[in-house]
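Trainee: coordinates only, sequence not included:
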Ligand code: PHE
Ligand code: ZN
C-alpha cells in the first residue's frame, strides 16, 4: 500500500494539457469497454518540472496517467500502436517525445464487482459513476487532477434494458446498433476537470419541467427516480427551480446549459454530486412526501438540491487547482446553500442548526488527531478530507467575509472572483485576493483562517470600578488557540466578535471609544480592552451574536445575567445560546454532585422564559432542546462518560417534573393542523415534538405518545412519537416500533429511520439487537445508507453503549469496520471517527479505544482511508 502523504507545498502544474476528451463506453456488468481518445499537448513551460537544474522546459517529461484497477488493452499514438510505456498499480507512464498528439487507450472495467462505489459501478439495477475526488482513474487512464480541463464528447452504449443512457451536457446523437444495443452521444461544451464527469444508465421514472432564466433562456429540467417513485420527486424539482431563481436574484448567476439532469440512486457514498449538467444524488436527498419524509428530510432535500446547483458556478465554472483547495468550492457553496435555506425557511432555526453541527462535530474534529485547517497541508487519502472542517468551518470563514464586507461588499467581491476566474482552476488565495480587490479592509491577517487549525477560545474578563462620572466597566477580551495535533504554534486571528452590552432592563450601552461597530468587536490581537462608563452598576456583556465566528466563548455569567440575555438581547441566537449555557451549567452541577438539586430560582426562570415565548414557538422549541451529550463534551475534558450521561438524564428528568404543567399546557395549546410543509406548520410540529419528548419521561403521559403515533398523518409526527417513545418502558417502545416496521418494511429509506432508532437505544442488549438487525432482509453491508443508519448511528449517537466501560461497544464497531473496510473503505473511514476521538475521555476509555484502534492498524489489507485516520490517532 502506498501511504505517502501529498503536500500542498509540492504542487506543480501539469506537464500536459488535454483540451479534448472523446470517450466511447460500452456497458457490460463485468467487462465494460472504455475507449478513450485524447488530444494531448505538452505544456512547454518550466513550471511543471521539479528539478530546475535539469529543467529543459519540459521537453523530455514522460506523460504520466493515473489508472487504478483497470485492465489495459491497447495504446495508440496518432493511430499507430505504441508500446514504450510502463504500467504499475497506479500509473501508466508513456515515454513520448512529441508535443502534440492524439492518444487512444482501450481498457476494461468491472462495474458489478465495484463495491467501493467509486468510478463506474452497477448497483440497484443501474450503472452510475462517482469521480470526485479521484474516481475517474478507475474508469480510464487520465491525469486525474482538477487543474486539467477538457471538453468532453461521450458515447454511451448499452443494452436496451437500460433505456436511459446519460452523460454530461447535451445529447447530440442517438441510435441503435446491429447487435441490438443502443447508444446516446453527449457533448459538454464547457471545459471541465475529470472529477465532474458522469455517466448513468438505467430504467427510471422521469419528471420533467422547464425553467426560464432571467435573460430568457429555456432550460429543460429532468429528474430521474426509481420506478414508482415519481410522486416523491416533485418537491425536489420545485426546490431546484427555487434555487435557480435565488442564485439569479442574489448573485446574478444563471444556468449555462440547455438541460439540467438529476438522478437519484440508492447506492451512494455521500449526499450528492455536482457533475456538470448531470447531478447524481443519494435518493435520501431527493425523495420526499408527507407520508415518508419528515420536515427535516424536506429541508435537507431542498438544501442539497440547492447546494449541488450552486456548485455549477462555485465549483464547476470556477474549480479547484488542487484538492488542498477543496474549501474554495465547498466552504463557499455550503455558505451559499445556508443563505438560501435561511431565505426559504427561517434565519434563526437555520443558524442554530448549523451552530449545532459546528459544536457537535467540527469542534470535536479540531480537538482530535484529524485536526486540519480548512485548507489542509497534507493528505494521504483525499476522501478523508470531505470533512466538517473543510465544509462547515469553511462556510463559517466565508460567512465572516460576508459579515465584515456586508452583503453588498460580499457581492462585489464575488462578481470580481467570477470576472477573474471563470473557466479556471484556482486557489483559496485567488478567492481572497478577488475579495481584497474590492474592499478597503486589509485581509492579510484574516486569511490565517485558511492556514490555522484548531478552535480559538475567546474569553472575557469584566471589571467594575467607580469614579465621579459613574461606573467604569472594563472588558478585556482575549483570544487563544490551543495547539492541535497538526500544528503547535498558533498566531492571533482576526475575529469578528458579536458584542452587545445590556443592563437588567435591556438598555443597550456603547463603549467609550466606539470600538464596537454594528454590534461587532474586531479581536485581532491577543488582548483587546474596551471600557464603558455609565450609571449602571450591573451590565451584561453578550458575546458572539449570531455565532459571528467559529470559536468557543468563555464568559462567566451568573444565572440572572443569562436570564437577562434571554429576556433582552436583540439577537435571537444569543437568547437561545443563553439558555443552552444555563442548561449546560446545571448539568455540570449534577455531574460534579449527582445528588445536587437545581436551584428553584432556575426553574422559575425557565418557567418564565417559556411563558414569555409561548407565542414565539420557533424560538421556544429551540430553547427547549437540552444540549446533546456530544455538545456537552466540547466544553469539557477528561470526561467520564456514564456520569456525564447520568447528569444529563437527571437534568432532563427534573426538567420534565419541575416544568410539567407549563410544558403540558404549551403542548395542548398548539393545534394540530392539516399537514403542509410551510414554515408555520413546521414550527408547530417541531415545538409539539420537542414538548412531547419532555412529557414522555413522565409515566402519566405515556398515552400522549401512543396517541400521537396512532393519529399521525405524516412522518414528522410519527417519528416524533417514536423518538419520544425511546423513554417509555421497553415494551411500549417495542410495540410501536413493530407497527412501524410492519408498515414500512418495503421502503428501505424509511426503514433507515427505524434502524437508527433501534441503534440509539441505550439498552443493555443493544449489540445483540444490532447484530440481529444486520440480518434484516432490507439491511445490506453494501449499501452505505443502511450501514450509516444502523452502525453509524450506534457509533456516533449511542454514547452510553458505545462508551460502555466493558469496552464491548468499541470492539463491536471495530469488528464491523474490519469487514466493511474490505468492501467500502470510504464509508468505513467515516464511521471510524468516534473511535479516533478518544482525546476528550477519561481512562479507561482512552486505553480501551486505543486498543481497538491498534487492532485496526494491525489488520492486514487495511485501506489507506482507514489507515490515515487510525495511524494519526495513535501517533
Ligand atoms: N462534491 C460533493 C458535494 O459536496 C460531495 C462529494 C464528494 C460527493 C466526494 C461524492 C464524492 O456536493
Ligand atoms: Zn459540495
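Mentor: Received the coordinates, thanks. Fair warning: this is a prediction, and the values are worked out from it, not measured in the lab. Ligands and ions are numbered 1, 2, ... in the order given.
Trainee: So what's the predicted local confidence for residue 52?
Mentor: Listed pLDDT for residue 52 reads 55.
Trainee: With residue 47 instead?
Mentor: Note for residue 47: predicted pLDDT of 82.
Trainee: Just give the number of residues close to it.
Mentor: Neighbour count for residue 47, taken as other Cβ atoms under 10 Å: 12. Glycine gets a C-beta too; all of them are placed from N, C-alpha and C.
Trainee: Assign the residue in the chain positioned nearest to ligand 1 to helix, strand or coil.
Mentor: Closest approach between the chain and ligand 1, counting by Cβ to the nearest ligand atom: residue 270, at 3.6 Å. Three-state assignment for residue 270 (DSSP: H, G, I helix; E, B strand; the rest coil): coil.
Trainee: Neighbours of it, how many?
Mentor: Neighbour tally, residue 270, other Cβ under 10 Å: 19.
Trainee: can you list the residues of the stretch 551-700 of the chain near ligand 2?
Mentor: Proximity of the stretch 551-700 of the chain to ligand 2 (Cβ under 5 Å from the ion) involves no residue at all.
Trainee: so where do the helices sit in the stretch 551-700 of the chain?
Mentor: Assigned by DSSP state H, counting those that start in this stretch, the stretch 551-700 of the chain shows helices spanning 559-568, 572-592, 600-612, 617-623, 629-633, 641-669, 679-695.
Trainee: Please tell me how far residue 98 sits from residue 875.
Mentor: According to Cβ to Cβ, to the nearest Å, residue 98 and residue 875 sit 46 Å apart.
Trainee: And the two? Which one has more around it.
Mentor: Using other Cβ under 10 Å as the criterion, residue 98 and residue 875 rank with residue 98 on top: 13 against 7.
Trainee: Just to be sure, that one is in a helix?
Mentor: No. Residue 98 is assigned coil when assessed by three-state DSSP, not a helix.
Trainee: Please verify my assumption that it contacts residue 77.
Mentor: Yes. The pair residue 98 / residue 77 is scored as a contact, 7.4 Å apart, by Cβ atoms under 8 Å.
Trainee: quick one: contacts for the residue of the chain closest to ligand 1?
Mentor: Neighbour list for residue 270: 130, 282, 386 [criterion: Cβ atoms under 8 Å, 6 or more residues apart in numbering].
Trainee: who does the first one bridge with?
Mentor: Spelled out, it's residue 130. residue 119 (DSSP bridges).
Trainee: which neighbours does the helix or strand containing residue 210 have in its sheet, and in what orientation?
Mentor: Secondary structure assignment for residue 210, by DSSP states H and E: strand 205-212. Strand 205-212 has the following strand partners under DSSP bridges: strand 218-225 (antiparallel).
Trainee: downstream neighbour of the partner strand in the secondary structure list?
Mentor: Per DSSP H and E, the first helix or strand lying C-terminal to strand 218-225 is helix 234-251.
Trainee: Could you list every helix and strand in contact with that following helix?
Mentor: Under the contact criterion of 3 or more Cβ pairs under 8 Å, 6 or more residues apart in numbering; DSSP states H and E, helix 234-251 touches strand 205-212, strand 218-225, strand 259-265, helix 295-310, helix 326-344, helix 394-421.
Trainee: What I need now is the ones you listed written out in TSV, including distance to ligand 2 and mean pLDDT for each item.
Mentor: Listed next are the helices and strands packed on helix 234-251 as TSV, based on distance: least, Cβ to the ion, whole Å; pLDDT from 0 to 100:
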stretch	distance to ligand 2	mean pLDDT
strand 205-212	21	98
strand 218-225	19	98
strand 259-265	14	98
helix 295-310	6	99
helix 326-344	5	99
helix 394-421	10	98
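Trainee: Same list (these) but as a markdown table, adding mean neighbour count and distance to residue 568.
Mentor: Below are these laid out as a markdown table (neighbours: other Cβ atoms under 10 Å; distance: least, Cβ to Cβ, whole Å):
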| stretch | mean neighbour count | distance to residue 568 |
| --- | --- | --- |
| strand 205-212 | 14 | 45 |
| strand 218-225 | 19 | 47 |
| strand 259-265 | 24 | 46 |
| helix 295-310 | 23 | 30 |
| helix 326-344 | 24 | 24 |
| helix 394-421 | 19 | 23 |
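Trainee: Redo those as a markdown table? Include distance to ligand 1.
Mentor: Formatted as a markdown table, those follow (distance: least, Cβ to the nearest ligand atom, whole Å):
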| stretch | distance to ligand 1 |
| --- | --- |
| strand 205-212 | 20 |
| strand 218-225 | 17 |
| strand 259-265 | 12 |
| helix 295-310 | 6 |
| helix 326-344 | 6 |
| helix 394-421 | 11 |
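Trainee: Verify the stated contact: residue 545 with residue 501.
Mentor: No. Contact criterion Cβ under 8 Å: residue 545 and residue 501 do not qualify, at 11.4 Å.
Trainee: The closest residue to residue 29 other than its chain neighbours and residue 265, how far apart?
Mentor: Leaving aside its sequence neighbours, residue 29 sits nearest to residue 112 (Cβ to Cβ, 6 or more residues apart in numbering; 4.2 Å). Residue 112 sits 15 Å away from residue 265, going by Cβ to Cβ.
Trainee: again with residue 766
Mentor: Counting by Cβ to Cβ - residue 766 and residue 265 are separated by 31 Å.
Trainee: do the same with residue 584
Mentor: As judged by Cβ to Cβ, residue 584 and residue 265 stand 41 Å apart.
Trainee: and if you look at residue 639?
Mentor: Residue 639 is 39 Å from residue 265, by Cβ to Cβ.
Trainee: Near ligand 2, which residues of this structure are found?
Mentor: Counting by Cβ under 5 Å from the ion, the chain comes close to ligand 2 at 330, 333.
Trainee: Apply 6 Å and report the result again.
Mentor: Contact residues, the chain versus ligand 2 (Cβ under 6 Å from the ion): 307, 311, 330, 333.
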